Structures are given as C-alpha cells and as structure tokens.
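In: I'll drop the sequence and a predicted model, then ask my questions.
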Amino acid sequence: MDSNEVSNQDEIDQSFTVNGNFLTGKPMLEVNHIDAFYGKVQAVWNVSLIIHQKELVALVGSNGAGKTTLLNIIFGLLRPASGTVNFMGRRIDRLPPDRIGRLGISYIPEGGRLFREMTVCENLEMGAYMDEAWKKRKETLAHVYGLFPRLKERKRQLVGTLSGGERQMVAIGRALMSRPKMCIF
Ligand SMILES: Nc1ncnc2c1ncn2[C@@H]1O[C@H](COP(=O)(O)OP(=O)(O)OP(=O)(O)O)[C@@H](O)[C@H]1O
Ligand SMILES: [Mg+2]
C-alpha cells in the first residue's frame, strides 16, 4: 500500500478494493430505502445502493423495472415517497436538479436529449454552461475530443445527422463538459 494514498487510520479502516482500484473514505452516493410512485402506481420498492469513488456500477433490470425512475430521483426530477439520497455526505433528495448538478452529478438522459439542429461543438459547449465549467470549457473540450476523436472530426456537423453511436458520444461528452464528480445514465 502506498502511504501517499491513505493518510490516516480512519481512511484505512474504510478502505477496500473494487476491480483492483483502491477505494477509500465515505461513499459518494448513498440511496437509502427508496419507494416511488406515479400517482397511485408504485414503480420503485425499497431500493438501496452505495457507490464509492472510482466505482462503475450498473443497474440491471427488465423494461419497466424502475431504473430510469431511480435515476430521475437521484437527479431531483422526481421526489421519492420515502427514503433518502445522499451525495458526498449531503442529503439531496429534496433539492432541485440544478442544485444537484452544481454539487457535481451529471445526468445523461435516456435518448440523449440533444439539440439536433445544433452542431457537435455547440452541443458540447452547452454542457459547460455552469460557473467554473464555462471558464474551463476549452480545456475540457480538448479532453472530450481526446476521448472521442470522432467528435473532433465532426465538430461542425449537425447532431441530427450523426449515427446513433456518435450521438451517444455527444451525450456523454456533453455530460463531461460540466466537469462532474459523478455521471449517471
Ligand atoms: N411519467 C410516468 N407516469 C406514469 N408511469 C410512469 C412514468 N414514467 C415511468 N412510468 C412507469 O414506471 C415504471 C418504471 O419505468 P422506468 O422508466 O423507470 O423503467 P426502466 O427500468 O427505466 O425501463 P427501460 O429498461 O424500459 O428503460 C414503468 O411501469 C413505467 O411505465
Ligand atoms: Mg429506462
């Protein structure tokens, strides 16, 4: 163990590994006993999950199982009937989506919800509209183009003319443009 990675006994006590990554400290996201309804119809039953830094977590379930509903709750688009959501130690299940975005969660909605009549570059820049991210947008854009060279080649192309996979790259790239601590999709 590298002593630079872990500086005190508390952190050592809370550390463990996932997929070879050394994880320390408190969870980033904690979803506790969430129930959610659309009107009288229940869509989510008593769901709990914990996500640590550097973890990649997949939510698996059949169509209509409630995956998108849970993501909408995490991002503040839907209020749970009961249960709590904490992000970086702070309760967020009563905050509006813009506040949750500012805390560092970026939501890539189902289908991408891109601006089809705008170019790749314009769509990506829209992801950096908040505060600090706007000042650093050129640097972040270079990073996103590094991850997705295809988007750099097509930066002036209208998003409505991209392939499905290319659109998904734009959706992920746009989410990264806000320099989030966590992406959910
Ligand atoms: N706005 C809504 N109003 C009423 N019912 C809804 C609404 N959104 C979702 N539902 C219902 O809630 C249940 C969960 O839907 P949800 O979209 O969370 O499923 P999912 O797991 O994301 O499915 P998929 O894999 O098909 O994307 C479904 O039965 C769906 O019909
Ligand atoms: Mg869904």
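Out: Received, thanks. Just so you know, these numbers come straight off a predicted model, no measurement behind them. Ligands and ions are numbered 1, 2, ... in the order given.
In: going forward, measure contacts and count neighbours with C-alpha atoms only.
Out: Noted.
In: what does this structure have sitting close to ligand 1?
Out: Contact residues, the chain versus ligand 1 (C-alpha under 6 Å from any ligand atom): 38, 43, 62-69.
In: so which elements touch the longest helix along the chain?
Out: When the chain is scanned for its longest helix (criterion: DSSP state H), the result is helix 164-176. Counting contacts by 3 or more C-alpha pairs under 8 Å, 6 or more residues apart in numbering; DSSP states H and E, helix 164-176 is packed against strand 105-107, helix 120-126, helix 137-147, helix 149-153.
In: distance check, L56 against F75.
Out: Distance, L56 to F75, using C-alpha to C-alpha, to the nearest Å: 18 Å.
In: most packed of the helices and strands packed on helix 164-176?
Out: Burial of the helices and strands packed on helix 164-176 is given as mean neighbour count (mean count of other C-alpha atoms under 10 Å); strand 105-107 ranks first at a mean of 24.
In: mind giving me the packing neighbours of it?
Out: Secondary elements touching strand 105-107 (3+ C-alpha pairs under 8 Å, 6+ apart): helix 164-176, strand 182-184.
In: ok, residues contacting that strand?
Out: By C-alpha atoms under 8 Å, 6 or more residues apart in numbering, the surrounding residues in contact with strand 105-107 are 75, 175-176, 178, 180-185.
In: brilliant, that's me finished.
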